[in-house]
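Asker: After the sequence you'll find the predicted model.
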Amino acid sequence: MAKFDKVIPPGQTGKISATIDSKKYSGKLDKAINVVSNDPIKPKTVVNLKCSILGVTILPTSRAYFNTYTGQSQTKELNVATLGDAEINAHAIASKPNIVLRLEKTDHKKPVDKNEYWIQYKLFITIPENYPEGRFAESVTVASNSEYTTTSHVRIAGSVSPALVVSPAVVRLNSTNGKKLPQRIIKLTKKIGDDFAVTNVIVDPPQLKATVEETEKGRQFSVKLSWSDIATKGQFDGKVVIHTNDRRRPVINVPVHVSIK
């Protein structure tokens, strides 16, 4: 935030006062103030402000974003650095116990220049293979015996998507006036790897027929469904049981609802 003299008489000087709230920042800061005036020679001037806020800071940023699939882990590496501190002892705590942390001491020497970062630890944050599907927003706290900063926070966010996508999750077949029921297709797509296979398909009731086709080698299969008896009116509930070689989802059940009027 900056305050300044708006009107400066000819031959006089003005003042610009700038304030930085150090509670919101850590480490080295490089800010600028743009001064715009009606001076015909130099209507715009840039004032650069540099300062160092002592204590612990997370480099290159105190945020980590993850985008992964179930069954696939992902790790982000950050640096725990200090300005003006002696050697510190630190440990890290995650807001959820299934977030895996590793804090390793480095062999970096303390810089001669007190305004240079001293990287004392490497912080590894891992979203493991068994992390639940969906979006998440959590945090990691780095606590230390720093003279200036006892706790630093890392915001972590992202999403874990299903590695095997089944679409649709429910199949509906509807017919009126004796018209043939349209064919429906269940697609199974593996997002990671190239060795995916459908090993067997079981349908119920017997009027429901299924054929299997590999539409992308090792990655996608289609199960085509049809209904063989359109003469019998009524509501029928059935299912398709799909067996795969996926270790997380070896058996997939897809409900089928049939309506013939």
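Answerer: Sure, I can see it.

Asker: What values do phi and psi take at Lys24?
Answerer: Backbone dihedrals for Lys24, given as degrees, to the nearest 10, come out at phi -90, psi 0.

Asker: What does the pLDDT read for it?
Answerer: Among the per-residue scores, Lys24 holds a pLDDT of 70.

Asker: can you tell me how far it sits from Val142?
Answerer: With the distance defined as Cβ to Cβ, to the nearest Å, Lys24 ends up 18 Å from Val142. Placement of C-beta: from N, CA and C, glycine included.

Asker: who has more neighbours, those two?
Answerer: Between Lys24 and Val142, counted using other Cβ atoms under 10 Å, the more crowded position is Val142 (25 against 7).

Asker: Now do the same for the more buried one: helix, strand or coil?
Answerer: Using DSSP: H, G, I helix; E, B strand; the rest coil, the secondary structure recorded for Val142 is strand.

Asker: which ones are touching it?
Answerer: Val142 makes contacts with 56, 58, 80, 90-92, 103, 121, 123, 151-154, as judged by Cβ atoms under 8 Å, 6 or more residues apart in numbering.

Asker: ok, now Ser144?
Answerer: When the contact criterion is Cβ under 8 Å, 6+ apart, the partners of Ser144 are 56, 80, 88-91, 150-152.

Asker: Need the residue closest to the centroid of the protein.
Answerer: For the chain, the residue sitting closest to the mean C-alpha position, by Cα atoms, centre = their mean, is Gly158 at 1.7 Å.

Asker: Tell me who's in contact with it.
Answerer: By Cβ under 8 Å, 6+ apart, Gly158 lies in contact with 65-68, 127, 135-136.

Asker: after the strand or helix carrying it, next one along is what?
Answerer: Assignment of secondary structure by DSSP states H and E places Gly158 within strand 151-161. Toward the C-terminal end, the helix or strand that comes next after strand 151-161 (DSSP H and E) is strand 164-167.

Asker: Name the strands paired with the helix or strand just after that next one and say parallel or antiparallel.
Answerer: For strand 164-167, the following helix or strand on the C-terminal side (DSSP H and E) is strand 171-175. Its sheet considered, strand 171-175 pairs with strand 251-260 (parallel) by DSSP bridges.

Asker: Let me see the contact set for Leu181.
Answerer: Residues in contact with Leu181, defined by Cβ under 8 Å, 6+ apart, are 173-175, 226-227, 230, 258, 260.

Asker: Of these, keep whichever come out buried.
Answerer: The neighbour-count test (16 or more other Cβ atoms under 10 Å) applied to the contacts of Leu181 identifies 173, 175, 227, 258, 260 as buried.

Asker: Show me what counts as buried in the helix or strand of the chain with the lowest mean pLDDT.
Answerer: None of the helices or strands of the chain scores lower by mean pLDDT, DSSP states H and E than strand 2-4, at a mean of 77. Burial within strand 2-4, assessed by neighbour count using 16+ other Cβ under 10 Å, is assigned to no residue.

Asker: elements contacting the helix or strand following that strand?
Answerer: Moving toward the C-terminus from strand 2-4, the next helix or strand (DSSP H and E) is strand 16-18. Counting contacts by 3 or more Cβ pairs under 8 Å, 6 or more residues apart in numbering; DSSP states H and E, strand 16-18 is packed against strand 2-4, strand 27-36, strand 44-53.
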